[in-house]
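Colleague: dropping a prediction and its sequence here:
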Amino acid sequence: MMYGVNTAVSAAVKKLSQHDYVTHNLANANTPGFKAERLIFVRRPEADPMAEDSFSHEPVVLIDHSPGTLQKSGNPLDVAIQGEGFFVIETKNGERYTRNGSFTLNQNGEMVTQSGDAVMGEGGRITISGRKVEISNSGSVSVDGSEVGKLKIVDFKKKDALVKRGTGLFEASGKAEQTAVETPEVRSGYLETSNILAVKEMVEMIDIQRSFEAYLKVMQTISEQDRMSTNRIGKIF
């Protein structure tokens with residue numbers, strides 16, 4: 001009986017973990033450049049094939065890097081990448097990469113993210129001092145008609161080696177194999193929306209909740225059967 005209970009408990013715990021990720025996806029449905037996360041459980045190679053407990057499986061988070069749609073904002077400092085690539089961001093913890101092109105200026109006139117991290121150009125930080133800011137389709141930044149920098153955009157051969165660091169930021173390991181984007185295509189005045197489909201996430205959430213409830217019923221049934229068996233044995237003796 002305990003084997004059946006442990007199996008049901010293990011499955012229920014996994015569903016709760018998956019529910020957390022679906023909830024997180026839904027919470028970021030309106031976050032520019034956000035990429036959906038999926039939690040799956042992969043059996044460990046050394047695990048007993050007959051074991052069904054949570055210790056026999058490894059949780060793996062998969063990131064869906066498919067692009068979101070472009071949404072017009074009208075803000076010249078909002079930039080969206082069409083096709084492959086990531087903006088390069090300088091943080092206190094090193095370089096990070098993002099598809100969220102919702103940029104602004106800090107007190108020094110430098111182009112930064114909404115969190116205040118510097119947006120990197122091919123020649124370093126981009127400083128804007130003037131009135132009219134224009135960003136071309138190739139990523140060149142001009143102020144009052146004079147070019148002041150060009151957005152640095154890179155890509156990776158193995159995106160599954162990217163690790164999320166905060167909302168919308170990724171860290172790259174050596175396995176990711178960074179490559180340059182020779183001819184980037186960007187759209188100024190647009191933002192890439194998240195690739196979250198709210199309806200799909202809601203359906204998945206309902207499915208997870210139903211599965212969780214089913215496992216609870218299994219645990220309850222096994223517990224009742226165990227209690228009945230114990231009572232019968234007591235009556236025999």
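Modeller: Perfect, I can see it now. Keep in mind it's a predicted model, so treat the numbers as computed, not measured.

Colleague: who's in contact with His65?
Modeller: Each residue near His65 by CB atoms under 8 Å, 6 or more residues apart in numbering is listed here: 35, 159, 162. C-beta: built from backbone N, CA, C; applies to glycine.

Colleague: report the contact partners of Ala172.
Modeller: Neighbouring residues of Ala172 by CB under 8 Å, 6+ apart: 95, 97, 156, 161-163, 178.

Colleague: look up how far Ile135 lies from the nearest residue to Gly116 once chain neighbours are set aside.
Modeller: Leaving aside its sequence neighbours, Gly116 sits nearest to Asn106 (CB to CB, 6 or more residues apart in numbering; 6.3 Å). Note on Asn106: its distance to Ile135, by CB to CB, to the nearest Å, is 17 Å.

Colleague: those two: which is more packed in?
Modeller: The residue with more neighbours, out of Asn106 and Ile135, is Ile135; 24 against 14, by other CB atoms under 10 Å.

Colleague: okay, domains of this protein per the record?
Modeller: Per automatic domain parsing, the structural domains of the chain span 2-65+196-236, 70-192.

Colleague: redo these as JSON lines? Include mean pLDDT.
Modeller: Formatted as JSON lines, the domains of the chain follow (pLDDT from 0 to 100):
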{"stretch": "domain 2-65+196-236", "mean pLDDT": "78"}
{"stretch": "domain 70-192", "mean pLDDT": "93"}
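
Colleague: give the buried residues for stretch 188-202.
Modeller: 188-196, 201 (16 or more other CB atoms under 10 Å).

Colleague: I should have written stretch 130-142 there, sorry.
Modeller: Within stretch 130-142, the residues scored as buried using 16+ other CB under 10 Å are 133, 135, 139-142.

Colleague: any idea what Val42 is bridged to?
Modeller: Beta bridges link Val42 to Glu58, judged by DSSP bridges.

Colleague: next: Asp155.
Modeller: In beta-bridge terms (that is, DSSP bridges), Asp155 pairs with Thr179.

Colleague: hmm, Val181 and it touching each other?
Modeller: Yes - Asp155 is within contact range of Val181, at 5.3 Å (criterion: CB atoms under 8 Å).
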